[in-house]
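1. I need the structure of the sequence given here:
(2 chains)
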Amino acid sequence: MNAFNIGVSALATAQAGLDLVGQNISNVSTPGYHRQSLRQASRAVIGARVGTGVSVAGYVRAEAPTIRTAILNGRGQDGYITARLDTRRQIETAFGTSNNSLGTQLDGLFNKIEQLSAQPTDNALRRDVVQSAGDIGRTFQTIGQDLDTTKQNVGQNLVQQVNEVNAYSLQVADLNAKIENAIKIGTQPNDLLDQRDKLVEEIAKRVDVRLSQQPNGVVNVFSSSGPLVIGNSSIVLNTSYSPGNNITISYAGTTNPITVLGGSVGGLQEEYNTNIPATRARLDALAQQVIKSVDTAQATGLGLNGPLVASYGVRPVTDPAALLSTQNLPIPLQAGNLIISVTNTVTGNRTNATVAIDPATQSLNALATAITTATGGQVQATVNTTTNTLEFQAQTGFKFDFAGRSPNPPNSVAIGGTSVPTVGGAYTGANNDNYTFQITGTGTIGVTAGLSLQVRNSANQVVATVDVGSNYTAGAPIKIGNGVTVSLTAGTTTNGSFSSPVISQPDSANLLAGLGINGLFKGVSATDIAARPEFSTDPSLLAASRTGQSGDTTNLTKFGALRDTTFFGGVRTISQEFSDIAASIGTDVSSLNSRQTSQAGLLQSLVNQEQAVVGVDINEETVKLLDYQKSVQAASKYIAVVNEALASILAIL
Amino acid sequence: MDIRVTGQTQSANAILALRRQQSAVAKYQDQITSGMRIKVASDDPSAYIAVAQTRRTSERNATYQKTITSATADLNSGVSTLLNTKSLLTRAQQIASQAVDPSLGPTDREALASEIDSILDGVLSDANTQSQGSYQFGGSKISSPPFRVATTDPNGRIASVVYDGDSNRASVLIGPNGQTTETRYVGSNVYQAPAGNAFAALISLRNNLRGTQSSGNSAADYTARIGELNAASEQISNTIGEQSGTLSTLEAIQTSLSNAKLSADSRLGDLESADVIDAVVRLREQETAFQATLLVSSKLFGNTLLDYIR
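-> Residues are numbered from 1 along each chain as shown, chains lettered A, B, ... in the order given. Here you go, the predicted structure:
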C-alpha cells in the first residue's frame, strides 16, 4: 500500500531530522562547526496518485562566505601584529626600565667623571668611574646578547610556523580530494568542509591567504606571493638563511625568495630580517660612539703618572701588510695627523713629533715605521705579529704621550738675553694652530717698563698683547686666551721671537681610538665592549689632566663635554640616542598593543556576525526537536491507523 | 531581521570582556603598588623621553651640587688658613714696631727673633696646608707640598723658601658647558708675590732682629719691614677677598641648583609617578565593571528551552 510507504518516508525523514538536531546540539561548542539543516522534498508523483511521501533532499550547511573572507584577513592581521608585539615586548624588556637602564648608566658615567674634578687624585672616585665604565660594557653586552637570543628564537619560531603552514596545506589538499570525490558521488561532506575551513583559518593566522572556489567544492589557497594549495596538491615552502643572515622563504625546488605580507610568518620575518637587525645596529652604533668618544678623550690626556713608557693597542687589523683602508676597521682611520709628545726624563724637555697618516696609502707596518721615524727612534712603534695590533715603546730616558702639550722649550726660540720662555696651559680652541710670540723692546723681564709680548696665530691675527715689563712678575704665567699661558723667567731680553703649536686635536686621524691605543675601553661594538682591566688594577691611569699636573682637570672637562656633544648625524647626544632607541621600541609596542586590541574587537565582531549565520542556537534546535518529535508521533500514528485500516480490510476475508 | 545570538557568541564576548577588564585591573594594581606610571617606554612613549631628560637634569644637578660642596669646603679651608696667616703677619708687624725702640737689648731682640721664627714656621705650615687630602696653595700640583725650605742658616733656621707648585690654579666643574671654579690657588702669587712677599719680609725682619740682615738694625729698617709685612698682608687680604667672592657666587649657584633640582624632581614625579588617587578610583571602576561582567556571564548559562520541555 502506498500509504505505508508514505508513512514510512515521513518517519524516516523525521528521524533524519532528529539525527541532525542531535548533531547540531552536540556540536554547539565545537569551534568551526557550521550548523546544518534538513532539506526535505516531496517524493515524485507516480501516475494518478497524490504523492509518494517525503524524502531527505540534502543537508544544508550554513555559510557566510563574505564574512569568512573578512575573518581570514583579520586572522592574518592579528597573527602579524601578535608576532611583532611579542617580539617587540621581549626587546623592550632587554632595554630596562626608565629608572634602571643603560641610559641611566651612561649618564652616571658622565656624572662620576665630573664629580672626580673635585678630587682628581681620590682613588675611590677614580675606581667609581672605572667601575661605571665596566658596568656600561656589561650592560651593552647583555642587551646585545638578549637581542641575539630573541632573534634566534624568532628565527626558530619562524621556521616552525612555515613547517606548520606546509603541514596544514597538505591536509587541505587531502581534504580537497575527499570533498571532490564526495560531491561527485552525490553526498554532502559538510564535516569535511568544516575541517577544511579550520585548517585554512590556521594557515591564515600564519600567512596572508586568498581563496579561489573551484568546481566540486575544491578550494585553491593562495598567499600574496603565490599558491599554497592547488586542488589536491600542496606547494611546500622552504626556509633558508642567506649570506647576510636573513631568513628567506621560497618554494621548494627554487631559490627565489618570496614575500610573505601578513600572518605570524610575515611578522616574524619582518622582525628577524629588518627590525631586530635595525635595533641591533643602533645599539652597536651607540656602543661604538661611546667607545670612540671616551677612548679619544682618555688617549689624549694624562693619568696621574704622566707620560707613558709603553702602550699597546687592543683593536687589531686582519693583515698588517695590507692598506689600512682595506681592513674594515669598525672605528675607521682617516687621513690626518697624530701628534706624539716625547719627554726627555732627564732634562724635562719635551718635543712634538707629527706623524702624517693616510689609510689609503699606509699599512699598519708602514704606519709603525712612520711613527718610529717621526720620533727619531725615541719611541718605537711595532706590530705585534700574534695579535696584529700596534704597540708603542719609549726608549730608555724618554716617555711619550698624546696630550698635545706645547713643546718645552718652545720652537724657534730666537730671543737674545737670559730670559727663558715657556708656553703652557691646555689649549681649548676648536682647531690646531701655531702661535708666534714676538717680544718688543729690550731690557729686564719684570723690571723694564714698556717691554711687551705680542702673540699672533697662523693667520697672522693678533691673539693677545701682554706686558712683560715692570707690571709683570717674572716667571708668572700670563693667560693669553683659549687656555694658553706664556711665561718668561727673570732675566734679560732683546727683540726676538719664539713659536709654539697649540693643539686641541692631537689625533685628527682617529688612530688612537681606531687601533685601541691608550683608551679606556676594549671591543668595538655592543658584542664586546668592556673596560680595559688595567684600569681596575690602577685607576691612576684614568686621564683627568692635559697638563700633567695631579690637580689639573682640563681633560675631565673634555670628557664632560662629550655628554652634550651631538653625534648620530649631529642630532642626538649619546644619552639622547639611547632614549630614542628605547622610545622607538616603546612606540612600536604601544602602537602594536593598540592595534591588537582593536583587531581583537574587530575579529570578535566578525566572528559574531558569522556565528549569527552558521552558529548553533540551542533554543532553535530545541524547537526543531519538538517539531520532529511531533512529526515522528504523527507519522507513527498514521502508520498505526493505516495498519488498522488494512486489518479491517483483511478481516473481510 | 534580528541577529541570531548563539551560545558561542555569548561565551566569546564574555571571555573577551573579562580579559580586557582583568588586564585593566592588573594595570592599575601595578601602578598603585609600584607607584610608577611609566616603567618602560611603551607605558607612555611620548612622555618617556621627557622622563629620561628630566631625570638626567636632576642627577646632573645633584652632581654639580656635590662638586660645589667640595669646592666650597676647599675655599673655606683656604680662607680660614689665610686669615690665620694674616693674623700671624699682624703679630709680626707688632714685633717690628716694638723693635724700632732702640732701648731694646740683645736678649729682648733674640726673644722677638725667636717669635718671628715661630711665625715663619706657622706661615710655612699655612702655605702647605691641605684640604680634603690635597695641597691648597700648589695650583694644580696638589699631591706634594708647594713650598719648601731651600736654605737654612748655620743654626738650621729658615733662610729661604722656594715654591715647587704649579703656575696654574686648579679648578672644579660646577656646571654644564665646562663651567668651573678655581679652588686651589698658585701659592707663589699668594705668599711670594713681588708686591708682597710674606716669607721674604719675615726672614728679613728676623735677620734684622738678630743683626744678620745686611741692611742693619735701624728704625728705618724696621719701618721698611713693617711696610713689607703690610704689603704681604695686603696680598693675603686680596686673595681672601677673591676667595670669599667665589664662595658667595658658589652659594648662589648652589641655591639655584637646589631649586632647579627640586623643580626637575617635581616634574619627574608628575611625568613618571602614578597618580595614586586616580589609579585607585580607576581600579575601583574596573573592579566594578569586572564584577558586573562576571554576574552577566553567569546568567549566560541559565535556562534554555530544554529546561521547559516536559
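
2. Would you pull up the residue in chain A closest to chain B?
-> Closest residue of chain A to chain B, Cβ to the nearest Cβ: residue A:586 (2.3 Å). C-betas here are computed from N, CA, C, even on glycine.

3. Could you pull up the contacting residues of that residue?
-> Residues in contact with residue A:586 (Cβ atoms under 8 Å, 6 or more residues apart in numbering or on different chains) are A:92, B:40-43, B:45, B:48.

4. Now residue A:79: which helix or strand?
-> helix A:65-94 (DSSP states H and E).

5. from memory residue B:222 sits against residue B:206, does it?
-> No: between residue B:222 and residue B:206 there is no contact under Cβ atoms under 8 Å: 11.9 Å.

6. Which residue of these two possesses the greater neighbour count?
-> Neighbour count, other Cβ atoms under 10 Å in any protein chain shown: between residue B:222 and residue B:206, residue B:206 has more, with 26 against 21.

7. hey, where'd the helices end up in chain B?
-> Counting by DSSP state H, chain B has helices at residues B:7-34, B:45-99, B:106-127, B:187-191, B:198-210, B:219-272, B:276-300.

8. what's next to the fourth one, contact-wise?
-> This means helix B:187-191. Residues contacting helix B:187-191 (Cβ under 8 Å, 6+ apart): A:473, A:475-476, B:82, B:85, B:123, B:127, B:137-139, B:146-147, B:163, B:165, B:167, B:197-199, B:232, B:235-236, B:239.

9. For it, list the C-alpha coordinates in PDB.
-> The C-alpha atoms that make up helix B:187-191 are tabulated as PDB, following Å, rounded to 0.1, in the frame of the first residue of the first chain:
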ATOM      1  CA  GLY B 187     101.000  79.800  46.300                       C
ATOM      2  CA  SER B 188     103.800  81.900  44.800                       C
ATOM      3  CA  ASN B 189     101.200  84.600  43.900                       C
ATOM      4  CA  VAL B 190      99.700  84.500  47.400                       C
ATOM      5  CA  TYR B 191     102.800  84.200  49.600                       C
END
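
10. Buried ones only from the contacts of helix B:187-191, please, as a ChimeraX command.
-> Burial among these is assessed by 16 or more other Cβ atoms under 10 Å in any protein chain shown; the matching ChimeraX selection reads:
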select /A:473,475,476 /B:82,85,123,127,137,138,139,146,147,163,165,167,197,198,199,232,235,236,239
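
11. Which residue ranges make up the domains of chain A?
-> A:2-62+A:615-652, A:309-337+A:356-397+A:508-516, A:411-502 (automatic domain parsing).

12. Any part of the first one near chain B?
-> If I follow you right, that is domain A:2-62+A:615-652. Yes: on the criterion Cβ under 8 Å from any Cβ of the partner chain, domain A:2-62+A:615-652 is in touch with chain B at A:28-29, A:615-620, A:622-623, A:626.

13. Max pairwise distance over these: which two?
-> Greatest spacing in the residues of domain A:2-62+A:615-652 next to chain B, by Cβ to Cβ: A:29 and A:626 (22.0 Å).

14. nearest residue to residue A:428 other than its sequence neighbours?
-> Spatially, and ignoring its direct neighbours in sequence, residue A:428 is nearest to residue A:483 (4.1 Å; Cβ to Cβ, 6 or more residues apart in numbering or on different chains).

15. so that neighbour makes contact with residue A:424?
-> No: look at residue A:483 against residue A:424 with Cβ under 8 Å: they stay out of range, at 9.5 Å.

16. So, low pLDDT: which residues of the stretch 51-200 of chain A?
-> Along the stretch 51-200 of chain A, the model assigns pLDDT under 70 to no residue.

17. how about the helices in chain A?
-> For chain A, applying DSSP H gives helices covering A:2-26, A:65-94, A:102-116, A:123-184, A:190-206, A:263-270, A:276-299, A:364-374, A:511-515, A:533-537, A:554-561, A:574-614, A:618-652.

18. Identify the residues contacting the closest residue to chain A within the stretch 151-300 of chain B.
-> For the stretch 151-300 of chain B and chain A, the shortest gap (Cβ to the nearest Cβ) falls at residue B:170, measuring 3.8 Å. Applying Cβ under 8 Å, 6+ apart to residue B:170 gives the contacts A:549, A:551-553, B:139-140, B:142, B:182-184.

19. how about 6 Å then?
-> A:551, B:140, B:183-184 (Cβ atoms under 6 Å, 6 or more residues apart in numbering or on different chains).

20. Please name the bridge partners of it.
-> Per DSSP bridges, the residues bridged to residue B:170 are residue B:184.

21. Please tell me the pLDDT value assigned to it.
-> pLDDT recorded at residue B:170 is 95.

22. Then residue B:215?
-> So residue B:215 comes in at 63 (pLDDT).

23. Could you do residue B:275 as well?
-> Reported pLDDT for residue B:275: 84.

24. distance of it from residue B:36?
-> Applying Cβ to Cβ, to the nearest Å, the value for residue B:275 to residue B:36 is 11 Å.

25. Mind checking which of the two has more residues around it?
-> Of the pair residue B:275 and residue B:36, residue B:36 is the one with more neighbours under other Cβ under 10 Å, namely 16 against 12.

26. got a list of what the more buried one touches?
-> Contacts of residue B:36 by Cβ under 6 Å, 6+ apart are residue B:274.

27. what comes into contact with the lowest-mean-pLDDT helix or strand in chain A?
-> When the helices and strands of chain A are scored by mean pLDDT, DSSP states H and E, strand A:411-414 comes last with a mean of 85. When contacts are defined by Cβ under 6 Å, 6+ apart, strand A:411-414 is touched by residues A:496-499.

28. For residue 294, grab the count of nearby residues.
-> Just so you know, I chose chain A. With neighbours defined by other Cβ under 10 Å, the count for residue A:294 comes to 23.

29. oops, I was thinking of chain B
-> 13.

30. mind checking pLDDT for it?
-> Note on residue B:294: pLDDT of 85.

31. Could you do residue B:10 as well?
-> pLDDT at residue B:10 comes out at 84.

32. Please name the residues that touch it.
-> Taking Cβ under 6 Å, 6+ apart, we find residue B:10 in contact with residue B:300.

33. Next one: it from residue B:180, what distance?
-> Relative to residue B:180, and taking Cβ to Cβ, residue B:10 is found at 73 Å.

34. Throw together a ChimeraX command that grabs the buried residues out of the residues of domain A:2-62+A:615-652 next to chain B.
-> To isolate the buried members of those in ChimeraX, using 16+ other Cβ under 10 Å:
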select /A:28,615,616,617,618,620,622
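
35. Would you mind putting the residues of domain A:2-62+A:615-652 next to chain B into JSON lines with distance to residue A:306 alongside?
-> Conversion of the residues of domain A:2-62+A:615-652 next to chain B to JSON lines gives the following (distance: Cβ to Cβ, whole Å):
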{"residue": "A:28", "distance to residue A:306": "87"}
{"residue": "A:29", "distance to residue A:306": "83"}
{"residue": "A:615", "distance to residue A:306": "85"}
{"residue": "A:616", "distance to residue A:306": "89"}
{"residue": "A:617", "distance to residue A:306": "91"}
{"residue": "A:618", "distance to residue A:306": "91"}
{"residue": "A:619", "distance to residue A:306": "94"}
{"residue": "A:620", "distance to residue A:306": "94"}
{"residue": "A:622", "distance to residue A:306": "97"}
{"residue": "A:623", "distance to residue A:306": "100"}
{"residue": "A:626", "distance to residue A:306": "104"}
